[in-house]
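Peer 1: Okay, here's the prediction I keep looking at, along with the sequence it came from:
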Amino acid sequence: MAIKTLSLTNFRSWEETAFEFDPKINLMVGPNTSGKSNILEAVYFLAIGKSLQAQSQKEVIKWGKDHAKIIAQTDPKGKLMIVISENPEGSMQTKKTFKVNEVPKTRFGFLGNFSAVHFSPADIRLVIGSPTRRRDVLDQILSQADHNYLRALLSYQKIIKQKNKLLEVLKGKTGDIPELDFWNGSAEKNGKYIQESRRNFIKYCNTLLLEVAPRLNSPKESLVINYKPNIISKERLEIVKRDEIAKGVSLVGPHRDDYNFIKNSTKDLELYGSRGEQRTAVFALKLCEIAFLEESLKQTPVLLLDDIFSELDKIHRRNILTVLDKYQSIITTVEMSLVPKGILNKAKVFEI
């Protein structure tokens, strides 16, 4: 998989711009606020069908405009296009239109035509940030690889929203509540699929980490991702039913899952890891993500590396160089002096 050209219209800070990429290494150089990260966000939009960071999809539309457009020519899938349009009357909701080679697609039909892995210094929040952030990353990975996962996830999110509305109404009530049983049954069905998919992915990562972790650390060191599911089942939902009614919120299910990174069997990197150990854990997860997407989709993902060289030490820079030999990459940096010569000498440079 490779992206040959990219054109943006009214996307974030870009009113109109276009790029023609090298099949291997592409380096975007420019000061902060020049729009480098927005380019990577647009490319990643093609992979997951939404913005990586916007709270509302409306945020990606340039101020004062009513739509944003991303068009990419890819190999081998051809032309991919996403249009994000404002809804009338000032609503924060947006309409997204997807096309593959000018043929309209649903988001489900669009995903899988392009895959990417995004890596930035902010990803250290995977280790030290909130469970919500960690769940979001799992969802981004698994939604690229499995349309059924995305369907289950979107259904589950709607179910929990409706169930929580019902629980607010039911506060303090007793007796049988058939409507709550209906939402619980739907939540259990979709929640089990989500948790089984997450469990399988983390199992895949831990198998790969047996090989990867010693290369990133010392040969005797290990790294494990510890999945902590808030298991959903008919029995658990029945047990917590009265507590949920009393509190007016759903207490069981994958929306409360978490995971952490454990070094050498006992060291929780969120609590006791150094900054370097935490970065290594994130980098290891990204290597697992690359391998998982490549195996699941039978295509190589494009690597999007956002200003990572300002944060990585020499060992990690060398590891990055090894990975870049195998994939197309788009890299951003504030200064060329931060980029290893081994990358700079091979890169197509864009001054932003």
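Peer 2: Happy to help now that I have it. Numbers count the residues shown, from 1 in each chain.
Peer 1: Wait, a helix at residue 315?
Peer 2: Yes: Residue 315 forms part of a helix when assessed by DSSP: H, G, I helix; E, B strand; the rest coil.
Peer 1: Once you drop chain neighbours, what's closest to it?
Peer 2: residue 216 (7.9 Å; C-beta to C-beta, 6 or more residues apart in numbering). Where you see a C-beta, it was placed from the backbone N, CA and C, and this is true even at glycine.
Peer 1: So which other helices or strands are in contact with the longest helix along the chain?
Peer 2: The helix that spans the most residues within the chain, counting by DSSP state H, is helix 178-216. Helices and strands touching helix 178-216, by 3 or more C-beta pairs under 8 Å, 6 or more residues apart in numbering; DSSP states H and E, are helix 131-145, helix 147-170, strand 223-228, helix 234-239, helix 241-247, helix 275-297, helix 314-324.
Peer 1: Redo those as CSV? Include mean neighbour count and mean pLDDT.
Peer 2: Below are these laid out as CSV (neighbours: other C-beta atoms under 10 Å; pLDDT from 0 to 100):
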stretch, mean neighbour count, mean pLDDT
helix 131-145, 19, 96
helix 147-170, 17, 95
strand 223-228, 17, 97
helix 234-239, 14, 96
helix 241-247, 15, 92
helix 275-297, 20, 94
helix 314-324, 15, 78
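Peer 1: Switch these over to TSV; also include distance to residue 348.
Peer 2: Output for the helices and strands packed on helix 178-216, formatted as TSV (distance: least, C-beta to C-beta, whole Å):
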stretch	distance to residue 348
helix 131-145	26
helix 147-170	33
strand 223-228	34
helix 234-239	54
helix 241-247	55
helix 275-297	21
helix 314-324	13
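Peer 1: Thought residue 280 was touching the residue nearest to residue 315, still the case?
Peer 2: Yes: with contacts counted by C-beta atoms under 8 Å, residue 216 reaches residue 280, the gap being 5.2 Å.
Peer 1: Quick check: neighbours shared by the two?
Peer 2: Common neighbours of residue 216 and residue 280 are listed as 223, 316 (criterion: C-beta atoms under 8 Å, 6 or more residues apart in numbering).
Peer 1: now the angle between helix 131-145 and the longest helix of the chain, please.
Peer 2: 90 degrees (axes from the mean of the first three to the mean of the last three C-alpha atoms, to 10 degrees).
Peer 1: And helix 178-216, what's buried?
Peer 2: 180, 183-184, 186-188, 190-195, 197-198, 201-202, 205-206, 208-209, 212-213, 216 (16 or more other C-beta atoms under 10 Å).
Peer 1: With just CA atoms, put the worst-scoring helix or strand of the chain on mean pLDDT into CSV.
Peer 2: Among the helices and strands of the chain, helix 314-324 carries the lowest confidence by mean pLDDT, DSSP states H and E, at a mean of 78. Presented in CSV, the C-alpha positions along helix 314-324 are these (Å, rounded to 0.1, in the frame of the first residue of the first chain):
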residue,chain,number,x,y,z
LYS,A,314,19.7,7.4,19.4
ILE,A,315,18.6,3.7,20.0
HIS,A,316,15.0,4.4,19.1
ARG,A,317,16.0,6.5,16.1
ARG,A,318,18.0,3.6,14.9
ASN,A,319,15.1,1.2,15.4
ILE,A,320,12.8,3.6,13.5
LEU,A,321,15.3,3.6,10.6
THR,A,322,15.1,-0.2,10.4
VAL,A,323,11.3,-0.1,10.2
LEU,A,324,11.3,2.6,7.5
